[in-house]
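**Student:** here is my input, please return the structure:
(one chain, ligands or ions: 1)
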Amino acid sequence: GVKVGVLALQGDVAEHIAAFREALAERPGSSVAPIRRAEDLADLDALAIPGGESTTISRLMGKNGLYEPVAEFEGGVFATCAGMVLSADRVDDPRVRPLSLIPMHVARNAFGRQVDSRETMLEVAGLAEPFRAVFIRAPVATEAGDGVEVLARIPEGIVAVRHGRHMAFAFHPELGGDLRLHRVFLEGLEV
Ligand code: GLN
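**Tutor:** Next up, the predicted model:
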């Protein structure tokens, strides 16, 4: 079985839990649980960092003593939207203390103020058919460092990456019921 935790400080935690529950339904002995304390990280295989407000999640990680434990987490990280901002090593907003899990520069709210959200059929490396990507006040990576595999980009920038066992998305694979990217992530944990 696979043990997945969802960082549960702020953001779309319930959606991540539901999506991973479904993706793990056929793997006996698997579990998905919300994570609020450093102790809860022990023996997890994977951690999801949800969408939400990266400045708020950053502040709450500091307050709850979670910054170092999450930055040093040895399993795979599945980060979406605000989670992608947090997983970077450089962010365009000093209120976010990034976790440096993935060497990349991320710009918050990269679509401009007029466009709050957008849906696109996105080509993602490794998927046979396009993925319906939902962007909500989304970031983009403007630069990806060594060892970062760019899985998808749009004119504004990079919107899906893989770095070893970690994956980060500017959109929300946890919304919309398409679990192909969850499955790719879970398969990557076994390597
Ligand atoms: N704009 C948010 C941030 O930068 C992310 C939005 C989201 O997670 N849907 O924190």
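
**Student:** can you give me the helices for the protein?
**Tutor:** 13-23, 54-63, 67-71, 82-87, 180-189 (DSSP state H).

**Student:** and Asp146, how many neighbours?
**Tutor:** 6 (other Cβ atoms under 10 Å). In short, each C-beta sits where N, CA and C put it, glycine included.

**Student:** going forward can the numbers begin at 34, since that is how I track them
**Tutor:** Got it, first residue is 34 now, which makes that one Asp179.

**Student:** hmm, back to that, out of the helices of the chain, which is closest to Phe202?
**Tutor:** Shortest distance between Phe202 and the helices of the chain, using Cβ to Cβ, is found for helix 115-120: 6.2 Å.

**Student:** pick out the residue closest to the middle of the chain.
**Tutor:** When Cα atoms, centre = their mean is applied to the chain, the residue found nearest the centroid is Ala112 (0.8 Å).

**Student:** tell me which residues of the lowest-mean-pLDDT helix or strand in the chain are tucked away?
**Tutor:** Every helix and strand of the chain was ranked by mean pLDDT, DSSP states H and E. The lowest is strand 150-155, at a mean of 93. Within strand 150-155, the residues that count as buried by 16 or more other Cβ atoms under 10 Å are Leu155.

**Student:** low pLDDT regions in the chain?
**Tutor:** 146-148 (pLDDT under 70).

**Student:** and the strands in it, which stretches?
**Tutor:** Secondary structure of the chain (DSSP state E): strands at 36-40, 64-68, 79-82, 109-113, 123-124, 137-140, 150-155, 164-169, 173-177, 182-187, 190-196, 199-202.

**Student:** before we move on, back to that, hmm, Ile82 and the residue nearest to the centre of the chain touching each other?
**Tutor:** Yes. Shown here, Ala112 and Ile82 form a contact pair, counting by Cβ atoms under 8 Å, at 4.3 Å.

**Student:** joint contacts of the two?
**Tutor:** Leu119, Ser120 (Cβ atoms under 8 Å, 6 or more residues apart in numbering).
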